[in-house]
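Peer 1: here's my sequence, what's the structure:
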Amino acid sequence: MKELIFLTIILSHFLMATAQNKLDLNRINSELKASIEGTAQSLELDSSLFLNNPAAIQQERAEFIRNNPIQKPVHIQVRDIFIESTIDKYNIRLHCYQPKDYSAERVILYFHGGGYIFGQPEQVDGQMFQLATAAKATIISVDYRLSPQYPFPVPVTDGFDALQWIIRDGKRF
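Peer 2: So this is what the prediction gives:
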């Protein structure tokens, strides 16, 4: 489980470093480097596009995820729940992963990488399947709204709304 969390953190830093053209691939662990090189989608970003037109990256990443879904294990239920934003009544999507043998006391609230600029829960389906299985936990991944279309504090508030929903209504899930 620590490896999955570490990989998520490393990939987030990798994406930001790539956008800033500061990545030295020779400094990356050989196993992680092989994993990155084996990724179907390029992790490289055009820094000009990243800084000047993040909506284009958002669309590109969403299309890739739609066109390359990860096979869901039979023992994991995946479903979406929509909760109301406290800011503007927007329906925030919570993408939920629940193994058949989950423990009701174990819930992980997850925020996908992308620096609040791009990404969506499905980009880490494979890791979430592994984590839910290993932890026997329900994972609730917030499809928070992205900048610049929704500037701070909207993405963070979406996450806080999800936390409040878990505390208030999570048992009914």
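
Peer 1: gap between the residue nearest the centre of the chain and P54?
Peer 2: The geometric centre of the chain, computed from its C-alpha atoms, lies nearest to H112 (Cα atoms, centre = their mean), at 2.2 Å. Counting by Cβ to Cβ, to the nearest Å, the gap between H112 and P54 amounts to 15 Å. To be clear about C-beta, it is placed using only N, CA and C from the backbone, and glycine gets the same treatment.

Peer 1: equivalent analysis for D169, please.
Peer 2: Separation of D169 from P54 (Cβ to Cβ) stands at 32 Å.

Peer 1: more neighbours: which of those two?
Peer 2: Regarding D169 and P54, a neighbour count based on other Cβ atoms under 10 Å identifies P54 as having more, with 21 against 11.

Peer 1: and the helix or strand Q130 falls within, how far from the chain's centre?
Peer 2: Using DSSP states H and E, the element containing Q130 is helix 125-135. Relative to its parent chain, helix 125-135 has a centroid offset of 12 Å by Cα atoms, centre = their mean, to the nearest Å.

Peer 1: what does stretch 147-162 give?
Peer 2: Here the centre of mass of C-alpha atoms in stretch 147-162, compared against the chain's by Cα atoms, centre = their mean, lies 14 Å away.
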